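J.: Here's a sequence, model it:
(one chain, ligands or ions: 1)
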Amino acid sequence: MTLNPVDQPTFAITTPLYYVNGLPHIGSAYTTIAADVVARFYRLMGHPVLMITGTDEHGQKIQRTAEERGMSPQSHCDEVAAGFERLWELLNIDCDRFIRTTAPRHNVIVNEFFQRVWEQGDIYQGQQQGWYCVSCEEFKEERDLLSDQRCPIHTNKSVEWRDESNYFFKLSKYQEQLDQLYADRPDFIQPESRRNEVLSFVKRGLQDFSISRINLDWGFPVPTDSGHTLYVWFDALLGYITALQDPDEDPSLEQAVARWWPINIHLIGKDILRFHAVYWPAMLMSAGLPVPGRVYGHGFLTKDGQKMGKSQGNTLDPVELVKKYGADAVRYYFVREIEFGKDGDFNETRFINVLNADLANDLGNLLNRTLKMAARYCGDRVPEIDPQTISADNPLRAIGVSLTKTVAEAYTHLAFSQACTAILALVQASNKFVDDQAPWSLFKQGKQAETEAVLYAVLESVRQAAYLLSPIIPGISNQIYAQLGLTADFNDKAIGQGLNYAEQATWGYLPPGQPLGVASPVFQRLEPLEPVASS
Ligand code: MSP
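T.: Numbering: from 1, shown residues only. Down below sits the predicted model:
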């Protein structure tokens, strides 16, 4: 791993562009938190990073929602898109680009891209017949439908029969190239279970898919035939390209892909895997563009064991959750508790327990009590210990030294929960170390050097933990650094240029003799929920 920021390769990551049929729910927040964590980790390492999120605003679903609300589609989209931006701010999500697919500059990119594919001879007119799910904005295969022609994903919605003239994209032409892509780059689709799903889908033989609709106004017209409107997915995927350009630049496909392309990771939910792992690379191949680095399909969130959905009336409002518990708490719970890639559950009691155990007790109390001892026994300074003189088999040093690599690997493989477990293991070992070594008693016995050695090891472990957790809980990490007397702003996008990753990620950085800051709890213990009265 190169550690000089100047030499670092660029890193671009996207979330899906969210439909604006309703305000964001916790599912959209989940993906965006994860993307923000990865982006922050790469920034910490000094990479130039571009994190993209945004909204997908065209298509029948949005048009119908706007109609139901008695609003014009554009004003409806403006209102909902603003809600997404507000939520990202509340969650301390620092994206670099927020792309809206109704932006006029996006139309320019879409037209140019369409033209390239058209010139390849990959678009033709045909008749589309089939079952369409407006909520998925996707044709469904009859064999996949539930009883009463219901969509397997939107189980309370019936699909609609369509028989109309559409333009088609020649996906079938790319069968071999796609097979080759999956064979050459086994990590293109992750995790493995999702890769297998895609491989078995592709093995059944690819069929061309329609990329236009008639009887739909809300979308970009097909550049070669204004009687047709472009299919929302064709337009939406290209949002990833439009987003690469600075909004003030003149839009141009060539310019847009000049930097940051190909995207390193598309982070998505498992339901939209086919679009990203099959349709999208084929469209890019047709347009003569390299395909992205990785497509990662994470799992779904459930609430109290039940599938979360508006119709079930159990959606979780992320705004309320952040207002109640704060951004760091929400960010931490979702990445710590749910193994990324698998489905995971939200349960408020569990939420409170996890946060109290990890952030209030293990991390917060450790810092607090160690700072107080350092104030009393070491003149409110970091003990004057040369970390190199601490024995290699000191349990904290031993964990801290190997932690850097473990955590970097976990973050780069999006194994957030593993990153947290590894970091918390150091924190837990530090609490045990304090209890075992009893620095108060060492001090009483006049063993100043031993007292200082214990406190240095613990304070340094808290620092390393705060640094490595900073992509997840930047607010708490900032507080910990300040209380250790260090200057850092983990919300600064240039953090990787300001702090040297190699130095900071490694155990033993804390400067001996440095004055400490004021101790105060970094995470307030949460009150347990009132038991629900049984009727
Ligand atoms: N607009 C398309 C994406 C276009 S990308 C070019 C779309 N939007 S969506 O708003 O319906 O879904 C966005 C993402 O949210 C999807 O990845 C979906 O998997 C995710 N989630 C929706 N509900 C979810 C949960 N309950 N849990 C976790 N993620 C879920 O699809």
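
J.: hey, let's count contacts and neighbours off CA atoms from now on
T.: Will do.

J.: ok, now which ones touch residue 97?
T.: 50-54, 243-244 (CA atoms under 8 Å, 6 or more residues apart in numbering).

J.: so can I have JSON lines of those residues showing neighbour count, secondary structure and pLDDT?
T.: Output for those, formatted as JSON lines (neighbours: other CA atoms under 10 Å; DSSP: H, G, I helix; E, B strand; the rest coil; pLDDT from 0 to 100):
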{"residue": "50", "neighbour count": "22", "secondary structure": "strand", "pLDDT": "98"}
{"residue": "51", "neighbour count": "25", "secondary structure": "strand", "pLDDT": "98"}
{"residue": "52", "neighbour count": "28", "secondary structure": "strand", "pLDDT": "98"}
{"residue": "53", "neighbour count": "29", "secondary structure": "strand", "pLDDT": "98"}
{"residue": "54", "neighbour count": "26", "secondary structure": "strand", "pLDDT": "98"}
{"residue": "243", "neighbour count": "25", "secondary structure": "coil", "pLDDT": "98"}
{"residue": "244", "neighbour count": "24", "secondary structure": "coil", "pLDDT": "98"}
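
J.: now for the residues you listed, which pair is the farthest apart?
T.: Largest separation among those by CA to CA: 50 and 54, giving 13.1 Å.

J.: List the contacts of the residue of the chain found nearest the ligand.
T.: Closest contact between the chain and the ligand, by CA to the nearest ligand atom, is at residue 269 (3.1 Å). The contact partners of residue 269, by CA under 8 Å, 6+ apart, come to 31, 296-300.

J.: one more time with 7 Å, if that's ok
T.: 297-299 (CA atoms under 7 Å, 6 or more residues apart in numbering).

J.: Most neighbours among those, which one?
T.: residue 297 (28 neighbours; other CA atoms under 10 Å).

J.: isn't that residue right up against residue 271?
T.: No - with contact defined as CA atoms under 7 Å, residue 297 does not count as touching residue 271 (8.0 Å).

J.: Can you list which of the contacts of residue 269 are found in strands?
T.: 297-298 (DSSP state E).

J.: What count of nearby residues applies to residue 39?
T.: 28.

J.: so how far is the host helix or strand of it from its chain's centroid?
T.: Under the criterion of DSSP states H and E, residue 39 resides in helix 26-44. Relative to its chain's centre, helix 26-44 lies at 3 Å (CA atoms, centre = their mean, to the nearest Å).

J.: can it be found next to the ligand?
T.: Yes - applying CA under 6 Å from any ligand atom, one finds helix 26-44 in contact with the ligand at 27-28.

J.: Might you list the low-confidence residue ranges for the stretch 1-150 of the chain?
T.: 1-7 (pLDDT under 70).

J.: Which ones among the contacts of residue 97 also lie next to the ligand?
T.: Counting by CA under 6 Å from any ligand atom, no member of these is near the ligand.

J.: circling back to that earlier point, what's the spacing between the residue of the chain closest to the ligand and residue 85?
T.: 20 Å (CA to CA, to the nearest Å).

J.: now swap in residue 56 and tell me
T.: Taking CA to CA, one finds residue 56 at 13 Å from residue 85.

J.: and what of residue 500?
T.: 31 Å.

J.: and the helix or strand of the chain with the lowest mean pLDDT with the ligand, contact?
T.: Counting by mean pLDDT, DSSP states H and E, the chain has its least confident helix or strand at strand 306-307, which shows a mean of 72. No - if you take CA under 6 Å from any ligand atom as the test, strand 306-307 misses the ligand, and the best it gets is 7.0 Å.

J.: re the thing from before, what about residue 56 and residue 85, which has more around it?
T.: Under the neighbour definition other CA under 10 Å, residue 56 and residue 85 were set side by side, and residue 56 has more, 25 against 17.

J.: For that one, give the beta-bridge partners.
T.: Assessed by DSSP bridges, residue 56 has beta-bridge partners residue 19.

J.: Does it touch residue 16 like I think?
T.: No - Residue 56 sits out of contact with residue 16 when judged by CA under 7 Å, with a separation of 8.5 Å.

J.: Am I right that residue 465 falls within a helix?
T.: Yes - counting by DSSP: H, G, I helix; E, B strand; the rest coil, residue 465 is part of a helix.

J.: can you give me the helices for the stretch 351-500 of the chain?
T.: Residue ranges of the helices in the stretch 351-500 of the chain, as given by DSSP state H, counting those that start in this stretch, are 366-377, 395-412, 416-437, 439-444, 448-469, 474-483, 495-498.

J.: Kindly reformat those as JSON lines containing mean neighbour count.
T.: Shown next, in JSON lines, are the helices of the stretch 351-500 of the chain (neighbours: other CA atoms under 10 Å):
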{"stretch": "helix 366-377", "mean neighbour count": "20"}
{"stretch": "helix 395-412", "mean neighbour count": "18"}
{"stretch": "helix 416-437", "mean neighbour count": "19"}
{"stretch": "helix 439-444", "mean neighbour count": "16"}
{"stretch": "helix 448-469", "mean neighbour count": "23"}
{"stretch": "helix 474-483", "mean neighbour count": "22"}
{"stretch": "helix 495-498", "mean neighbour count": "18"}
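
J.: Reformat those as CSV; add mean pLDDT and distance to the ligand.
T.: CSV is the format used below for these (pLDDT from 0 to 100; distance: least, CA to the nearest ligand atom, whole Å):
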stretch, mean pLDDT, distance to the ligand
helix 366-377, 97, 34
helix 395-412, 97, 19
helix 416-437, 98, 16
helix 439-444, 98, 46
helix 448-469, 97, 23
helix 474-483, 98, 23
helix 495-498, 94, 29
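
J.: okay if I get these as JSON lines plus distance to residue 76?
T.: As requested, the helices of the stretch 351-500 of the chain are exported to JSON lines (distance: least, CA to CA, whole Å):
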{"stretch": "helix 366-377", "distance to residue 76": "48"}
{"stretch": "helix 395-412", "distance to residue 76": "37"}
{"stretch": "helix 416-437", "distance to residue 76": "35"}
{"stretch": "helix 439-444", "distance to residue 76": "62"}
{"stretch": "helix 448-469", "distance to residue 76": "38"}
{"stretch": "helix 474-483", "distance to residue 76": "33"}
{"stretch": "helix 495-498", "distance to residue 76": "37"}
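
J.: Nearest to residue 212 among those helices would be which one?
T.: helix 395-412 (37.6 Å).

J.: That closest one vs helix 448-469, what angle?
T.: 10 degrees (axes from the mean of the first three to the mean of the last three CA atoms, to 10 degrees).

J.: Does anything pack onto helix 395-412? Which helices or strands?
T.: In terms of contacts (3 or more CA pairs under 7 Å, 6 or more residues apart in numbering; DSSP states H and E), helix 395-412 is packed against helix 416-437, helix 448-469.

J.: Adding distance to residue 209 as columns, could you present the ones you listed in CSV?
T.: Output for the helices and strands packed on helix 395-412, formatted as CSV (distance: least, CA to CA, whole Å):
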stretch, distance to residue 209
helix 416-437, 36
helix 448-469, 44
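
J.: now for those helices, which one comes closest to residue 166?
T.: Of the helices and strands packed on helix 395-412, nearest to residue 166 by CA to CA is helix 416-437, at 43.0 Å.

J.: outside of the closest one, which residues touch it?
T.: 335-340, 362-363, 366, 396, 399-400, 403, 407, 410-411, 458, 461-462, 465.

J.: switch the cut-off to 8 Å
T.: 335-340, 358, 362-363, 366, 395-396, 399-400, 403, 406-408, 410-411, 454, 458, 461-462, 465, 468-469.

J.: could you pull out the strands for the stretch 51-200 of the chain?
T.: 97-100, 123-133, 138-140, 160-169, 189-190 (DSSP state E, counting those that start in this stretch).

J.: In terms of pLDDT, where does residue 345 sit?
T.: Reading off the confidence values, residue 345 has pLDDT 88.
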